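> Need a 3D model of the following:
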Amino acid sequence: MRVAAGSPDRPDHPANREGDEHMVTSHVSALHQKHEGLDRRLRDEMNRPSPDSAIIQLLKKQKLRIKEELAHI
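Numbering: from 1, shown residues only. Predicted coordinates:
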């Protein structure tokens, strides 16, 4: 089935692009929030009297994954 050029059902219709942009913006915002939360947890762990190096390593890896995902958006 073909969709007419000006139809809102087309992926390139402006209304759909706006929705996509909103989704991307929301996703980026959520990733930034997760990154900030991981940063707080990492700081808290490092400030403990006996920080757990395994937890620190895990938190750093999670932060890096988020940073890499943000770089690809």
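> Point me to the helix or strand that includes the residue positioned nearest the centre of the chain.
Nearest residue to the geometric centre of the chain (CA atoms, centre = their mean): Leu31, 2.7 Å. Assigned by DSSP states H and E, Leu31 belongs to helix 14-47.
> buried ones in that helix?
31, 35, 38, 41-42 (16 or more other CB atoms under 10 Å). From N, CA and C alone the C-beta is placed, and that goes for glycine too.
> what sits against the residue nearest to the centre of the chain?
Neighbouring residues of Leu31 by CB atoms under 8 Å, 6 or more residues apart in numbering: 66, 69-70.
> let's see 6 Å
By CB atoms under 6 Å, 6 or more residues apart in numbering, the contact list for Leu31 reads 66, 70.
> Rounded mean pLDDT for the helix or strand just after the helix holding Leu31, please.
Per DSSP H and E, the first helix or strand lying C-terminal to helix 14-47 is helix 53-71. Averaged across helix 53-71, pLDDT comes to 98.
> for helix 53-71, packing partners?
Packing partners of helix 53-71 (3 or more CB pairs under 6 Å, 6 or more residues apart in numbering; DSSP states H and E): helix 14-47.
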